[in-house]
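Visitor: next come a sequence and a model predicted from it.
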Amino acid sequence: MTSGSSIGISTMRPCCRIFCNYKSPAVFGFSPTNFGDSAIRGMLSRSGHHKSTHRYRYNTCDTQIVGYINVIKPNRRDFSISGSNWSLARDFSTSVCINFGSFRPRVVSLIPHVASDFRNQSTSVDSHAHDTSFEKIYIQSGLNVKPLVIEKIETDQGVLEEVSEETCGESNVNLDQLKDLSENKVQSKVSEVEKEAWKLLRDAVVTYCGNPVGTVAANDSADKQPLNYDQVFIRDFVPSALAFLLNGEGEIVKNFLLHTLQLQSWEKTVDCYSPGQGLMPASFKVRTVPLDGNNEAFEEVLDPDFGESAIGRVAPVDSGLWWIILLRAYGKLTGDYTLQDRVDVQTGIRLILKLCLTDGFDMFPSLLVTDGSCMIDRRMGIHGHPLEIQALFYSALRCSREMLIVNDATKSLVAAVSNRLSALCFHMREYYWVDMKKINEIYRYKTEEYSTDAVNKFNIYPEQIPSWLVDWISEDGGYFIGNVQPAHMDFRFFTLGNLWAIVSSLGTTSQNQGILNLIEAKWDDIVAQMPLKICYPALESEEWRIITGCDPKNTPWSYHNGGSWPTLLWQFTLACMKMGRPDLAQKAVDSAGKRLSLDKWPEYYDTRNGRFIGKQSRLMQTWTIAGFLTSKMLLENPEKASLLFWEEDFELLQNCVCMLSKTGRRKCSRFASRSQFLV
């Protein structure tokens, strides 16, 4: 037997395409030194069926991890191709989960060794460190969440380690009927609307190999053209996950985190080009396909979408950020931090961070992305450095700093995360924040300034201040604008980014209070009859034609262009509870509760006041349902809500690593800024 601790990065989806004819019984059990077709036939014959030349029909599904070592047949040449580009490597791993009626045999997985070239993919976070740990980290195997834990391996020389396994178990989430919510929920009385919502949420659960792995985006049986709404989206599943976690059901969330982690290393291409390693899919779908073209045998496979099938073919920048945020929430709400400490999960975090922290041409600490790379996944003029991505990026960095295990291999990454947090925090507070004082400052900007001491650093022309903003901004309120680029400030109010600025403490305490003050003062504009506007105001007339490209779905006050999205309710609730304003959240929840059930839980609402169900809105939208439930439970469990947000980190505010004092420049731009950074 040959075993190694170096586990390579697989870039090809493992499949369980094993379909065997067998003529004689075999003893269940095998030696890893002689694991071949005969061993597999022996495993299959354990069921006690010894009929000669009988072919059984069975379903197979991919399985999870075989511990953290490789099981390699000696003298076997692994079928792999490796070069300088990691994405060219091919690894054909075999995993089996076979069902013969009520019989459930042992689950086995073989993972051939594939050499990793990860070290050579240099970025700013570890180009100076001799980090070989990535060559020893498992990325992808099969796709069943229940891991096999290697405890014993039998060899010709004796017993080395013992092997125990957990096979594909049944779901802890009851998919058939609504269980008594009073067992898990803290509240003693559940309204009829909530009971309906829980039933609909459970009906939306997707299973893979008998285990729950997520919820579909929408589950309307009357919808004849579901498009991709029958898939499990990472961003859409977050409120569903929180609802289950707050209700004491953690299995589905754990399964989801592990499955999407394993999808992270799959091969993904658009026109023969592969994006950076570490990219998380926007969504995935469980498909049942014939096994090797045989209609008598079937397998379940996970089919991910990394943007190659999406409208606009844009990679989902926010998926990896949401995954990290949900991973932290799972640990906080369940107390199970062992998931975070797993080597594959730690590697997943590092890959996402490596992708986000890679050196590029940008001079700003904010992430540069294209249009449609987040919840607003259509052209809406948010390309560049949109607020939503920056707020989620900041949150994911804070999560990662909490969860990363600090050792010699990760200390440079942890330092890079801390430095980026400090720079991003300053950048957002200084250049994205507007209130009456800041608008007056912009109104008097001098342009064409050339120096390190320039006040108008982005050469913003005062004429860019829109007329609607002058009368709209409240005296005691403010907000983070949508975007800042050279000679451009997007003054639109984007709700998600501002709410996450509060939740993550990206804003100062006074700024966070200012956001809620503004929402309260402009309640009829941002909340109206259905919480909450995704952005305000809508693009109209010529501006809509130019910026959206005449998008017929993003017409004024519809969908992403000023539409009202009930799923934002849970994030608004969390932000209000952090700032000690649960009354605002309760008011919004009560307003939504009057209509959502009657309107069949729409995806979004149209018109300036949110009075009409969206003209292309899907019904039975899962994250609308889950957002409402999560909001109710957060209000009823403030101690759990406190686990999901961050307080101010004063260490970050004092951390400046620009080292300008050692250059010919006179001073750091932080101290040249006129605005007050520390509030």
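Guide: Yep, it's here.
Visitor: could you pull out the helices for the stretch 201-350 of the chain?
Guide: Counting by DSSP state H, counting those that start in this stretch, the stretch 201-350 of the chain has helices at residues 234-246, 251-263, 317-334, 338-341, 343-356.
Visitor: quick one, which of these is packed in tightest?
Guide: Neighbour counts (mean count of other Cβ atoms under 10 Å) averaged over each of these peak at helix 234-246, with a mean of 26. From N, CA and C alone the C-beta is placed, and that goes for glycine too.
Visitor: and it, what does it pack onto?
Guide: If you count contacts as 3 or more Cβ pairs under 8 Å, 6 or more residues apart in numbering; DSSP states H and E, helix 234-246 packs onto strand 211-215, helix 251-263, helix 317-334, helix 622-636.
Visitor: and that helix, C-alpha only, in CSV?
Guide: Output in CSV follows, covering the C-alpha atoms of helix 234-246 (Å, rounded to 0.1, in the frame of the first residue of the first chain):
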residue,chain,number,x,y,z
ILE,A,234,-25.6,30.8,-2.8
ARG,A,235,-26.9,34.3,-2.1
ASP,A,236,-30.5,33.2,-2.1
PHE,A,237,-29.9,30.4,0.4
VAL,A,238,-28.4,32.7,3.1
PRO,A,239,-31.8,33.8,4.6
SER,A,240,-33.0,30.2,4.3
ALA,A,241,-29.9,29.0,6.1
LEU,A,242,-30.4,31.6,8.9
ALA,A,243,-34.0,30.6,9.3
PHE,A,244,-33.0,26.9,9.8
LEU,A,245,-30.1,27.8,12.1
LEU,A,246,-32.3,30.0,14.3
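Visitor: run the angle between it and strand 211-215 for me.
Guide: 120 degrees (axes from the mean of the first three to the mean of the last three Cα atoms, to 10 degrees).
Visitor: what's the mean pLDDT across helix 234-246?
Guide: The pLDDT scores in helix 234-246 average 98.
Visitor: numbering from 16 from now on, please.
Guide: I'll keep to 16 as the first residue from here, and by that count the last item is helix 249-261.
Visitor: quick revisit: Asp318 is nearest to which of the helices and strands packed on helix 249-261?
Guide: Comparing the helices and strands packed on helix 249-261 by their distance to Asp318 (Cβ to Cβ), the top pick is helix 266-278, with 9.6 Å.
Visitor: which elements pack onto the closest one?
Guide: Counting by 3+ Cβ pairs under 8 Å, 6+ apart, the packing neighbours recorded for helix 266-278 are strand 220-223, strand 226-230, helix 249-261, strand 298-306, strand 309-320, helix 332-349, helix 353-356, helix 358-371.
Visitor: rebuild the helices of the stretch 216-365 of the chain as a markdown table, extending it with distance to Cys287.
Guide: Output for these, formatted as a markdown table (distance: least, Cβ to Cβ, whole Å):
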| stretch | distance to Cys287 |
| --- | --- |
| helix 249-261 | 25 |
| helix 266-278 | 21 |
| helix 332-349 | 22 |
| helix 353-356 | 36 |
| helix 358-371 | 20 |
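Visitor: please enumerate the helices of the stretch 516-665 of the chain.
Guide: 524-536, 538-541, 556-563, 584-593, 597-608, 637-651, 653-656, 665-668.
Visitor: figure out which of those helices is closest to Val231.
Guide: Closest among the helices of the stretch 516-665 of the chain, once you apply Cβ to Cβ, is helix 637-651, at 6.2 Å.
Visitor: could you give the angle of the closest one to helix 584-593?
Guide: Taking the same axes, to 10 degrees, one finds helix 637-651 and helix 584-593 inclined to each other by 20 degrees.
Visitor: what residues sit buried inside helix 637-651?
Guide: With burial defined by 16 or more other Cβ atoms under 10 Å, the residues of helix 637-651 counted as buried are 637-650.
Visitor: which of those sits closest to Val518?
Guide: Leu649 (11.5 Å).
Visitor: just list the residues touching the closest one, thanks.
Guide: By Cβ atoms under 8 Å, 6 or more residues apart in numbering, the contact set of Leu649 is 261, 585, 588-589, 592, 600, 655-656, 659.
Visitor: mind redoing it with 7 Å?
Guide: Neighbouring residues of Leu649 by Cβ atoms under 7 Å, 6 or more residues apart in numbering: 585, 588-589, 592, 656.
Visitor: swap in Thr637?
Guide: The neighbours of Thr637, taking Cβ under 7 Å, 6+ apart as the test, are 216, 219, 230-234, 251, 255.
Visitor: and the residues you listed as JSON lines, adding distance to Ala536?
Guide: Formatted as JSON lines, the contacts of Thr637 follow (distance: Cβ to Cβ, whole Å):
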{"residue": "Leu216", "distance to Ala536": "34"}
{"residue": "Ala219", "distance to Ala536": "37"}
{"residue": "Thr230", "distance to Ala536": "36"}
{"residue": "Val231", "distance to Ala536": "38"}
{"residue": "Ala232", "distance to Ala536": "34"}
{"residue": "Ala233", "distance to Ala536": "34"}
{"residue": "Asn234", "distance to Ala536": "37"}
{"residue": "Asp251", "distance to Ala536": "31"}
{"residue": "Ser255", "distance to Ala536": "32"}
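Visitor: among these, who's most crowded?
Guide: Thr230 (30 neighbours; other Cβ atoms under 10 Å).
Visitor: skipping adjacent residues, who's closest to Lys347 in space?
Guide: Distances taken as Cβ to Cβ, 6 or more residues apart in numbering place Leu658 nearest to Lys347, at 4.0 Å, with adjacent residues excluded.
Visitor: read off the pLDDT value for the one you found.
Guide: Turning to Leu658, the model gives it a pLDDT of 97.
Visitor: list just the nearest of the buried residues of helix 637-651 to Arg444.
Guide: Leu649 (26.3 Å).
Visitor: confidence score at that closest one?
Guide: Looking at Leu649, its pLDDT reads 98.
Visitor: contacts for stretch 469-476 next, please.
Guide: By Cβ under 7 Å, 6+ apart, stretch 469-476 touches 457, 460-464, 499, 501-502, 504, 689.
Visitor: select only the buried ones of the residues you listed in PyMOL?
Guide: Of the contacts of stretch 469-476, the buried ones can be selected in PyMOL as follows, counting by 16+ other Cβ under 10 Å:
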select buried, resi 457+460+499+504
